[in-house]
Structures are given as structure tokens and as C-alpha cells.
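Asks: Give the three-dimensional model of this entry:
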Amino acid sequence: MANIEKLVEKMKNQPNGIRSAEAQKVLEYFGYRMDRKRGSHMQYINKTGDVITVKDETPLKAVYVKDILRRIGK
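Replies: Numbers count the residues shown, from 1 in each chain. Below is the predicted model:
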């Protein structure tokens, strides 16, 4: 749990330096699972049906990181 909190703080403080694997850990912790991967995009879905699309690139663009933070409520 401490690692996830550190990743969330890193996402808030440095949204341009996040790897896709780090974003995946955070999404999975907050109840999202990978629904499908198509080309260079991954789609995650949670139990309420919220779908988020993230490009599989390192580092992620800040717009993806900010969208993740918004959806997990941080």
C-alpha cells in the first residue's frame, strides 16, 4: 500500500515521468482491470463500467496521468 501511495504522489508531482507499468499498478490497485489491448492503446475497466484508455508508451504523456488521477479521485 505504501508503494501505491508513493506512485500516486509521484504522479501528482511529476506527471511527465510516469511509466505505463507504474500507471497500470495504480489502476489495478483502485479496481481497474485491463479489458483489452489494441495496437498501442490499453483499455482498463472497473466494476461500475468506467473505461479509461491509456497509450502504451514510456513515459506517459501528462494528459493520461492527469486523467488517471481524476478517475481514481486523487
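Asks: ok, and residue 67, which helix or strand is that part of?
Replies: Element membership of residue 67 [criterion: DSSP states H and E] is helix 62-72.
Asks: mind listing what's buried in that helix?
Replies: 64, 65, 68, 69, 71, 72 (16 or more other C-beta atoms under 10 Å). All C-beta spots, glycine's among them, are computed from the backbone N, C-alpha and C.
Asks: Show me what the helix or strand hosting residue 12 is in contact with.
Replies: Using DSSP H and E, the element containing residue 12 is helix 2-13. The list of residues contacting helix 2-13 from outside it, by C-beta atoms under 8 Å, 6 or more residues apart in numbering, reads 17, 18, 22, 23, 25, 26, 29, 65, 68, 69, 72, 74.
Asks: Now do the residue of the chain most remote from its centre against residue 68, distance only.
Replies: In the chain, the residue that sits farthest from the middle, by C-alpha atoms, centre = their mean, is residue 39; the gap is 17.4 Å. Distance of residue 39 to residue 68, computed by C-beta to C-beta, to the nearest Å: 20 Å.
Asks: just checking, what packs against the helix holding residue 67?
Replies: helix 2-13, helix 20-29, strand 51-55 (3 or more C-beta pairs under 8 Å, 6 or more residues apart in numbering; DSSP states H and E).
Asks: Need these in a markdown table (columns: distance to residue 35 and mean neighbour count).
Replies: Below are the helices and strands packed on helix 62-72 laid out as a markdown table (distance: least, C-beta to C-beta, whole Å; neighbours: other C-beta atoms under 10 Å):
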| stretch | distance to residue 35 | mean neighbour count |
| --- | --- | --- |
| helix 2-13 | 21 | 13 |
| helix 20-29 | 11 | 17 |
| strand 51-55 | 7 | 16 |
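Asks: Is it possible to get CSV of these that adds mean pLDDT and distance to residue 44?
Replies: What follows is the helices and strands packed on helix 62-72, written out as CSV (pLDDT from 0 to 100; distance: least, C-beta to C-beta, whole Å):
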stretch, mean pLDDT, distance to residue 44
helix 2-13, 92, 15
helix 20-29, 94, 5
strand 51-55, 94, 5
